[in-house]
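Engineer: For reference, the sequence and a predicted model appear below.
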Amino acid sequence: MLKKYAFFLFGTLFFLISCGGEKEEGLGKYGMLDDSTPEYAAVRFMTSIYHDSNIDVAVSLSTPKMARILNRYHTNRNIQRHLLNLKFDTVTITPEERSRVGRSEFSEKATITLFFSGKLNDSKQEDLRRVDLVREDGKWLVARIHPDHFM
C-alpha cells in the first residue's frame, strides 16, 4: 500500500517539475547569449520589435528618450517602417561575433552591430544596424539606433 502511494507521489512530483514555467527561448546564434551582456539587450530589443505583438518589451529595454520615440510610432510595423527602415515578413537577428579583450561587465557604454537576415515578399533580404547602449542601474538600455550609413 505504501509503495502505491509513493509511486503516485513520485509521478505527480515529476509531472509538476517537468511542466514548470515556460522558459524563454534563448537568443543569439546558438540560443546561449548571456542576459547580462549588451548583445543580449540589443538582440532582445530588436526581436521584440519584429516578433512580439506589441512594443512593451522594446520600451522596457530603452532609455527614456528612446522610449518616447518608440511610443510615438505606436506599433511594431510603424517602428520597422519609419524608425528602422527595415521591413521583414520573417527575420533572424544575430549580433556581430567578435572576440572581446575587455569585459563588458565594467563598461558603461557599448555599440553593437546586429545582422538581419530574412524574407520580405518571398525575396531574401540582409541588412545590418548599429545600436548604442548604455548601462543604467546594472541594466543595458538601447539609447540610439544608427541609420544605415550606406544609404
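Structural biologist: Nice, thanks for sending it over. Numbering: from 1, shown residues only.

Engineer: show me the biggest strand of this protein in terms of residues.
Structural biologist: Longest strand of the chain, by residue count under DSSP state E: strand 123-136.

Engineer: quick one: average confidence on whatever helix or strand comes next after it?
Structural biologist: Using DSSP states H and E, the helix or strand that follows strand 123-136 in sequence is strand 139-145. What strand 139-145 shows for mean pLDDT is 95.

Engineer: Show me where this protein has its strands.
Structural biologist: Ranges of strands within the chain are 90-95, 109-120, 123-136, 139-145, based on DSSP E.

Engineer: Relative to Thr63, which of those is closest?
Structural biologist: Proximity to Thr63, assessed across the strands of the chain by C-beta to C-beta, is greatest for strand 139-145 (4.7 Å). For glycine as for every other residue, the C-beta is placed from the backbone atoms N, C-alpha and C.

Engineer: how much space between the residue nearest the centre of the chain and Leu120?
Structural biologist: The centroid of the chain falls nearest to Arg44 when counting by C-alpha atoms, centre = their mean (0.9 Å). Going from Arg44 to Leu120 by C-beta to C-beta, to the nearest Å gives 22 Å.

Engineer: With Thr63 instead?
Structural biologist: Going from Thr63 to Leu120 by C-beta to C-beta gives 29 Å.

Engineer: and what of Val91?
Structural biologist: Separation of Val91 from Leu120 (C-beta to C-beta): 9 Å.

Engineer: Looking at Thr63 and Leu120, which is more packed in?
Structural biologist: Between Thr63 and Leu120, counted using other C-beta atoms under 10 Å, the more crowded position is Thr63 (16 against 13).

Engineer: Hmm, that one is touching Asp137, no?
Structural biologist: No. With contact defined as C-beta atoms under 8 Å, Thr63 does not reach Asp137; the gap is 11.7 Å.
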